[in-house]
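Colleague: Okay, here's the prediction I keep looking at, along with the sequence it came from:
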Amino acid sequence: MPWVDENICIGCGICVEECPVNAISMENGKAIIDMEKCIRCKKCHEVCPQKAVKHDKEKNQKEVKNESSNKFNRKNLRK
C-alpha cells in the first residue's frame, strides 16, 4: 500500500495530476492517498520528485499494524 511521508512531501501536486484514478488529493499542503480508490499502479512513486511516496515495506511493522487497525475502526464508525 502506498503512503506519503509528510516530512518529505513538498505539496507540488504532481502525483495528484498524474494519478490515473484520482486517488490522490491535497490536504494541508500535503498529498493524501485514498486507499479505496488507489489501484496500486505505482505512478505516484514514479513521478514524485521528492520520493515522498513510500510503500508499507518502508515502515516498521508496528506502524503498519496501527494504521490498519485505525482504518478498520474508522470504517466501522461510518456504518
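Modeller: Perfect, I can see it now. Residues are numbered from 1 along each chain as shown.
Colleague: For the rest of this, base every contact and every neighbour count on C-alpha atoms.
Modeller: OK.
Colleague: what's the neighbour count on residue 11?
Modeller: A count of nearby residues for residue 11, using other CA atoms under 10 Å, gives 19.
Colleague: for the chain, what spans make up the strands?
Modeller: 2-4, 24-27, 30-33, 53-55 (DSSP state E).
Colleague: Contacts for the second one next, please.
Modeller: Applying CA atoms under 8 Å, 6 or more residues apart in numbering, the set of residues contacting strand 24-27 from outside is 11, 13, 15-16, 31-34.
Colleague: Apply 6 Å and report the result again.
Modeller: 16, 31-33 (CA atoms under 6 Å, 6 or more residues apart in numbering).
Colleague: Point out where this protein drops to low pLDDT.
Modeller: 60-79 (pLDDT under 70).
Colleague: Dump the strands of the chain into JSON lines; add distance to residue 46 and mean neighbour count as well.
Modeller: Output for these, formatted as JSON lines (distance: least, CA to CA, whole Å; neighbours: other CA atoms under 10 Å):
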{"stretch": "strand 2-4", "distance to residue 46": "12", "mean neighbour count": "19"}
{"stretch": "strand 24-27", "distance to residue 46": "14", "mean neighbour count": "16"}
{"stretch": "strand 30-33", "distance to residue 46": "15", "mean neighbour count": "21"}
{"stretch": "strand 53-55", "distance to residue 46": "9", "mean neighbour count": "18"}
